[in-house]
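Engineer: Sharing a model prediction with you, sequence too.
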Amino acid sequence: MKATLPQEKLATTWTQITTQAGPFKHIAGIQLSQQDGYHIALVACIFAQANLDAKVVIDTQGRIAGLFFVPSASEPSSLSPDAAAIGSTTVDALAHGKFASVESRFDERMKAALPEEKLSATWAQITAQAGPFEHIVGIQLTQQDGYHIALVTCAFAQSNLDAKVVLDASGHIAGLFFLPSATKPAPAANM
């Protein structure tokens, strides 16, 4: 990849992409897969004038072995650009024990249903069953009944779980659920 796409050529390629698709706005989601021993991240990118998927191919040493931009298979999205950020910062805050920070993002109904102490106890139950939190695997965004939903796939030591972070129109968390993930844990890449 260093020979095929050196820094100068990478910069030129990015300029061509943004000239055609408009300025980059945000990532709408990430889907992970494996093929022929490679890890593949399909990153749904929202640009001002088009949606493109960045296909990032990673070898067993954790190096980028391929980088491709293709027209997105997804429809143009009206998803909140903040949904992915709120989903990931919510999980990060939980992992670092910042339960008051998460509660402050809740709508009034969630504050009553899952106050800081109960949220802390719930997280303790999750980590007791799934093991310590390790990292975020990917985020998928959807909409349902006027709500933005960030499905944050989380790798724990013993299993993957999906944190379903439901946001109302004002960006408050109106629902928070942890579900078994359809994404299987990936073997660790040697770095």
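Structural biologist: All right, it came through fine.

Engineer: Please state the mean pLDDT value computed over stretch 50-67.
Structural biologist: For stretch 50-67, mean pLDDT rounds to 90.

Engineer: ugh, wrong one, I meant stretch 164-171
Structural biologist: For stretch 164-171, mean pLDDT rounds to 90.

Engineer: Same check on stretch 144-154?
Structural biologist: For stretch 144-154, the mean confidence score works out to 89.

Engineer: go on, stretch 98-105?
Structural biologist: Stretch 98-105 comes out at a mean pLDDT of 95.

Engineer: hmm, who's touching that stretch?
Structural biologist: Contact with stretch 98-105 is made by 86, 90, 93-94, 111, 114-117, 119-120, 123, 171-173, 176, as judged by C-beta atoms under 8 Å, 6 or more residues apart in numbering. From N, CA and C alone the C-beta is placed, and that goes for glycine too.

Engineer: Report how many residues lie close to V137.
Structural biologist: 20 (other C-beta atoms under 10 Å).

Engineer: Spit out the contact partners of the residue nearest to H172 when sequence neighbours are not counted.
Structural biologist: For H172, ignoring the flanking residues on the chain, the nearest one in space by C-beta to C-beta, 6 or more residues apart in numbering is D107 at 4.1 Å. Applying C-beta under 8 Å, 6+ apart to D107 gives the contacts 168, 172-174.

Engineer: From Q143, how far out is D107?
Structural biologist: 17 Å (C-beta to C-beta, to the nearest Å).

Engineer: name the element the most centrally placed residue in the chain belongs to?
Structural biologist: Nearest to the geometric centre of the chain sits I139, at 2.3 Å (C-alpha atoms, centre = their mean). Counting by DSSP states H and E, the element that carries I139 is strand 133-144.

Engineer: Can you list the buried residues in the very next helix or strand once past that strand?
Structural biologist: Sequence order places strand 147-156 as the next helix or strand after strand 133-144, per DSSP H and E. Within strand 147-156, the residues scored as buried using 16 or more other C-beta atoms under 10 Å are 148-156.

Engineer: Could you do stretch 18-31 as well?
Structural biologist: 21, 26-31.

Engineer: go on, stretch 40-49?
Structural biologist: 40-47.

Engineer: Run the chain-centre distance for that stretch.
Structural biologist: In this view, stretch 40-49 has its centroid 12 Å away from the chain centroid, taken as C-alpha atoms, centre = their mean, to the nearest Å.

Engineer: And the contacts of stretch 16-26?
Structural biologist: Contacts for stretch 16-26 (C-beta under 8 Å, 6+ apart): 45-50, 52, 69, 81, 84.

Engineer: Work out the gap between that stretch and the centre of the chain.
Structural biologist: 21 Å.
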